[in-house]
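Undergrad: Could you look at this predicted model? Sequence included:
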Amino acid sequence: MDFILARDYIESEFEMYGFTDRVGRGLFNIDRLLVSKLSFGSRVELSFPGTKAVIEPNPVYDFRVDLYTPYTRGRQSLSHVNLLVDIAHKCRRQPSMIPYIRKTICNIYEKGLYNMVYLPCGCEEIGKDLLREVEKIHTTIFHNGRQKKYHAFLNKRSLAYEDLFTVIFWVYLQEDINYPPPASGRELPFKLYIEFLDSFDTVEGGDLEGVIRKILEH
């Protein structure tokens, strides 16, 4: 599925559920749309209308991306930081996978979920040292006088590659919808993921702090 087909599909489905009426009445995240059935029982659903949804002057079909897996409890609404932490765990644990992850993220950015190759990946617990590292980074980042929050519980276990890359696709689409031209859409998060992956060439363990700071400035 590419971004154009995915966008046309969800906007049509959202309207069938009464998206315009829901937004007009201030009712957000009350409907769900199953968009991806994955291997081993995982699935991705979109919760809508998202809190950034508007009708005028131009409709914005915002949604929340929710991942359900048999190896985690309940819904996971993963932020860019959560996704980056999962990528960091995979790269630090097995640096030989960096080229595969980079190539796949580039493919998703350019073509969507076409010709995907999902390598096997254990869904082991993510080390506490990495989670503490990310928590420490967040203690130094503030927005409007408030410290940025990091939901470490969403990174308790590493995601299967199919789950990770499918969520990235739908999050990319969400960025395209919420930040259309002349804004950057999916380009900004894509560049930041690639910047992190490429930073392994010069920074041991990757420049996690530098990229997280840029993400949270977005």
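TA: Thanks, I have it. Residues are numbered from 1 along each chain as shown.
Undergrad: now the helices: where do they sit in this structure?
TA: Ranges of helices within the chain are 3-16, 19-24, 80-93, 98-111, 128-138, 161-178, 187-199, 208-217, based on DSSP state H.
Undergrad: who's in contact with the shortest one?
TA: Contacts to helix 19-24, defined as CB atoms under 8 Å, 6 or more residues apart in numbering, come from residues 28, 30-31, 48-49, 53-55, 59, 61. C-beta: built from backbone N, CA, C; applies to glycine.
Undergrad: How about the third one?
TA: With CB under 8 Å, 6+ apart as the test, helix 80-93 has contacts from 76, 78, 97-98, 101, 121, 126-127, 130-131, 134, 150-151, 154-155, 158-159, 164, 167-168, 171, 189, 192-193, 196-197, 200, 205-206, 208, 211-212, 215-216, 218.
Undergrad: do the same with the fourth one
TA: With contacts defined as CB under 8 Å, 6+ apart, helix 98-111 is touched by 2, 87, 90-91, 114-117, 119, 161, 165, 168-169, 172, 186-187, 190, 193-194, 197-198, 200.
Undergrad: Quick check: which ranges of the chain have low pLDDT?
TA: In the prediction, the chain carries residues with pLDDT under 70 at positions 218.
Undergrad: and if we set it to 50?
TA: Within the chain, no stretch has pLDDT under 50.
Undergrad: Quick check: Tyr118 vs Ile101, distance?
TA: In this view, Tyr118 and Ile101 are 12 Å apart by CB to CB, to the nearest Å.
Undergrad: Revised request: answer the last question for Ile10.
TA: Ile10 is 26 Å from Ile101, by CB to CB.
Undergrad: OK, contacts around Leu197?
TA: Leu197 neighbours (CB under 8 Å, 6+ apart): 87, 91, 98, 101-102, 105, 206.
Undergrad: switch to 6 Å and redo it
TA: Contacts were defined as CB atoms under 6 Å, 6 or more residues apart in numbering; by that measure Leu197 touches 98, 102.
Undergrad: Over to Lys37?
TA: By CB under 6 Å, 6+ apart, the neighbours of Lys37 are Arg43.
Undergrad: How about it: which residues does it bridge to?
TA: Lys37 forms beta bridges with Arg43, as assigned by DSSP bridges.
Undergrad: Would you list the buried entries among the contacts of helix 19-24?
TA: 28, 31, 48-49, 53, 59, 61 (16 or more other CB atoms under 10 Å).
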